[in-house]
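Participant: have a look at this prediction, sequence included:
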Amino acid sequence: MNTQQFLWGHSKRYNDSSTHFKSMFSEKVQKISIDAGFTCPNRDGSKSTGGCTFCNNDSFTPSYCNLEKSVSQQIDEGIQFFARKYSNMLYLAYFQSYSNTYAPLSELVKLYDEALQNPKVVGLVIATRPDCLPDNVLDYLEQKSREVYVMVELGVESCDDDTLRFINRGHTFNESVLAIENLAKRGIHNCVHTILGLPGESREKVLDQARMLSKLPVENIKLHQLQIHAHTVMADQYKLQPELFQLYLTVDEYANLVVDYLELLNPKIVVERFVSQSPAGLLIAPNWGLKNYEFVAKVEKLLQLRNTWQGRLFVDFTHK
């Protein structure tokens with residue numbers, strides 16, 4: 001295939017998020033992470049306690065996020081941080097920590113509207129769980145999406161119910177499917193989070209995940225390698241039973257898996273991330289010593305070396 005013939009209309013061998021967002025907004029757009037003090041139903045006892053076995057919220061919370069600061073203050077500080085590089089940048093308010101639709105609608109509306117009061121904020125990105133999207137919240141987000149950009153990021157993590165039980169997610173894959181379909185029907189942008197290498201998931205099961213998600217109306221996706229973080233249930237499990245874990249201990253092993261995954265992935269799906277990067281003080285394993293952009297370069301080089309691309313092996317059953 002000539003690279004100019006890719007479905008997404010540019011020469012990269014995967015449907016990258018940077019190009020995608022450039023096509024949607026007049027200026028460069030950056031997410032500003034916000035911690036608004038939410039919790040989760042598998043932390044507060046509604047479904048379970050202790051949270052997901054892999055979760056240490058400090059592993060993905062930027063320094064300017066602080067519960068002692070209002071939403072407005074966190075946005076102002078985030079803009080100051082990024083404006084040093086790009087003075088004309090626009091921003092998406094990224095409600096990131098825990099389940100950001102898990103509260104009464106009146107409280108959600110107040111927080112989201114506060115974020116949108118800043119003239120440089122052109123939309124919302126809301127991270128949540130598939131089981132935390134009641135109809136009244138979906139109704140509100142559907143209406144709001146007619147006014148500004150709205151994306152809901154869903155922590156799907158796995159397509160296997162046995163895995164979801166083992167990591168204490170507290171929801172099933174069918175609930176993820178329903179959430180993805182409900183968002184798509186209402187015209188609300190969606191992004192799916194998955195973790196590659198969870199306990200009990202073989203390479204073939206990971207690749208089956210790409211096939212399964214490709215059948216759904218998934219718009220964007222974030223891939224994360226399994227990481228063991230300090231002060232988590234999974235860290236204790238890893239110490240006691242390391243044989244349960246098949247971590248991708250080498251960069252090359254994981255990069256090849258990502259390329260295999262991309263080959264099966266629907267080419268319409270925008271890829272936002274291949275890896276996650278955690279603070280060194282929290283990371284137990286695997287420690288690759290690579291920045292995100294370095295891993296992206298490795299994947300792009302591997303796609304070229306293998307002369308392959310996202311969706312090369314994708315089968316579109318809707319046209320059968």
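Facilitator: All right, it came through fine. Numbers count the residues shown, from 1 in each chain.
Participant: quick one: the strands in the stretch 151-300 of the chain, in order.
Facilitator: Assigned by DSSP state E, counting those that start in this stretch, the stretch 151-300 of the chain shows strands spanning 189-196, 220-225, 228-229, 270-273, 283-285.
Participant: partner strands of the third one and their direction?
Facilitator: Paired neighbours of strand 228-229 in the sheet (DSSP bridges): strand 283-285 (antiparallel).
Participant: report the buried residues of the partner strand.
Facilitator: Leu283, Ile284 (16 or more other CB atoms under 10 Å). Using the backbone N, CA and C atoms, a C-beta is placed for each residue, glycine as well.
Participant: what's the answer for stretch 140-153, then?
Facilitator: Residues Tyr140, Leu141, Glu142, Lys144, Ser145, Tyr149, Val150, Met151, Val152, Glu153 are the ones in stretch 140-153 that count as buried (16+ other CB under 10 Å).
Participant: save those as TSV, and put in distance to Arg129 and pLDDT too.
Facilitator: TSV is the format used below for those (distance: CB to CB, whole Å; pLDDT from 0 to 100):
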residue	distance to Arg129	pLDDT
Tyr140	17	97
Leu141	15	98
Glu142	19	98
Lys144	19	97
Ser145	19	97
Tyr149	21	97
Val150	17	98
Met151	15	98
Val152	10	98
Glu153	10	98
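Participant: out of these, who's nearest Ser214?
Facilitator: Nearest to Ser214 among the buried residues of stretch 140-153, counting by CB to CB, is Glu153 at 18.3 Å.
Participant: tell me the contacts of the closest one?
Facilitator: Counting by CB atoms under 8 Å, 6 or more residues apart in numbering, Glu153 makes contact with Val125, Ile126, Ala127, Thr128, Asn190, Cys191, Val192, His193, Lys222.
Participant: ok, now with 7 Å
Facilitator: Glu153 is in contact with Val125, Ile126, Ala127, Cys191, His193, counting by CB atoms under 7 Å, 6 or more residues apart in numbering.
Participant: same question for Lys31.
Facilitator: The contact partners of Lys31, by CB under 7 Å, 6+ apart, come to Leu92, Tyr94, Val125.
Participant: ditto for Lys268
Facilitator: Leu7.
Participant: also the one 5 residues further on?
Facilitator: Applying CB under 7 Å, 6+ apart, one finds that Arg273 lies in contact with Lys222, Leu223.
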